[in-house]
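J.: Prediction below, plus the sequence it came from.
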Amino acid sequence: MRIAVLGAGAVGGYFGARLLAAGADVAFLARGRHLAAIRQDGLRIESAAGNLHLKNVTASDDAAAIGPVDIVLFAVKLWDTEAAAATLAPLIGPETAVITLQNGVTSAETLAAAVGAAHVAGGVAHIAAQVFAPGVIRHTGTMARMSFGELNGKRSERMTRFHALAADAGFDAIYSPDILSMIWEKFTFLAPFSGVTALTRQPVGVIRAVPETRALFLDAVAEVAELARRKAVNLGPDILDRIGTLIDSLVPEMKSSMLNDLERGGRLELPWLSGAVVRLGRELEVPTPVHRVIAAALAPYADGQPAK
């Protein structure tokens, strides 16, 4: 199989590198200093699961230079979704699947509008990683899991073939018959986690230890869970308990990527997380007061540090 990684940052770079090291035919679409470093010195992975230094990596900023592939791992930041989707056409063949590994629940619609719904598959990435330096991905912790599947829940040859390839790549590869529920379950955790940690400027250890912030977080979870229920996505009756157990299992110093972006003065994925919860709440007539406060309070920082 030919695989293209569109967005060779922390998530796409890590999973793409593991697939390439396992013998897959992988090309990376990147830009700027990161692309220049990969071209000059290859792609490095720093990880407790094993370091990699992959040389002679195929990397470009032009999808036409790569051509049609079997799988696209779509891993750009949410604010780049529309622009990146518009560059997909040269990568699309008759059976190409574009697997979005982004946060949020809106990307599939954007991709379907760009390349057609038949070419869009769902994905969920669970990994803590960052671009430590141009050409260098640092994986922290031990979790590295990619779940994927057709959005209609049907089995397909392209997903079966990709699963066989990914299963030998050194990360947990899960072919899910209900990827939509997995996407929503992650969103039900991630939107509250991103919003409450960024709102309070505190890591998860503080959030869960203070009764008021723990309650705030679980109220935010309940709002998203109700949206899922209204959209007929089955998260199970114990979703709040499962997510409560999840935050208790995390290392105390863990922060959301949105809090990391906020602290360094970068752009936030706020409009696609708490902002999306608020928009969907209006559409589905579901009250979302916690996410409304999060979205409003962080709005001045959405595009980076506000001007003085």
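T.: Ah, there it is. All of these numbers come straight from a predicted model, not from anything done at the bench.

J.: And the longest helix along the chain, what does it pack against?
T.: The residue-count maximum for a helix in the chain (DSSP state H) belongs to helix 179-200. Counting contacts by 3 or more CB pairs under 8 Å, 6 or more residues apart in numbering; DSSP states H and E, helix 179-200 is packed against strand 120-133, strand 136-150, helix 204-209, helix 211-230, helix 239-249, helix 257-263, helix 274-284, helix 289-298. Glycine gets a C-beta too; all of them are placed from N, C-alpha and C.

J.: run the last query once more with 6 Å
T.: For helix 179-200, the packing partners by 3 or more CB pairs under 6 Å, 6 or more residues apart in numbering; DSSP states H and E come out as strand 120-133, helix 211-230, helix 257-263, helix 274-284, helix 289-298.

J.: could I get those as a markdown table with mean pLDDT, distance to K186 and mean neighbour count?
T.: Formatted as a markdown table, the helices and strands packed on helix 179-200 follow (pLDDT from 0 to 100; distance: least, CB to CB, whole Å; neighbours: other CB atoms under 10 Å):
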| stretch | mean pLDDT | distance to K186 | mean neighbour count |
| --- | --- | --- | --- |
| strand 120-133 | 92 | 5 | 21 |
| helix 211-230 | 98 | 10 | 19 |
| helix 257-263 | 92 | 13 | 20 |
| helix 274-284 | 97 | 13 | 20 |
| helix 289-298 | 98 | 16 | 19 |
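
J.: any chance of the ones you listed in TSV, with distance to T110 too?
T.: Shown next, in TSV, are the helices and strands packed on helix 179-200 (distance: least, CB to CB, whole Å):
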stretch	distance to T110
strand 120-133	9
helix 211-230	18
helix 257-263	20
helix 274-284	12
helix 289-298	20
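
J.: shaky segments in the stretch 1-150 of the chain?
T.: Within the stretch 1-150 of the chain, not a single segment meets pLDDT under 70.

J.: how about a cut-off of 80?
T.: 141 (pLDDT under 80).

J.: show me where it has helices.
T.: With helices called from DSSP state H, counting those that start in this stretch, the stretch 1-150 of the chain shows them at 10-21, 32-41, 81-85, 107-115.

J.: Pull the contacting residues for the most centrally placed residue in the chain.
T.: Residue closest to the average C-alpha location in the chain (CA atoms, centre = their mean): Q102, at 2.9 Å. Shown in contact with Q102 (CB atoms under 6 Å, 6 or more residues apart in numbering): L78.

J.: With adjacent residues omitted, what lies nearest to D261?
T.: Of all residues not flanking D261 in the chain, L268 sits nearest, at 5.4 Å (CB to CB, 6 or more residues apart in numbering).

J.: Same check on G265?
T.: Leaving out its chain neighbours, the residue that sits closest to G265 by CB to CB, 6+ apart is Q305, at 3.9 Å.

J.: ok, how many other residues are close to the one you found?
T.: Number of residues near Q305 (other CB atoms under 10 Å) recorded here: 12.

J.: In stretch 91-98, which residues are buried?
T.: For stretch 91-98, the neighbour count (16 or more other CB atoms under 10 Å) marks L91, I92, T96, A97, V98 as buried.

J.: what's the answer for stretch 167-185, then?
T.: Buried residues in stretch 167-185, defined by neighbour count with 16+ other CB under 10 Å: 169-171, 173-176, 178-185.
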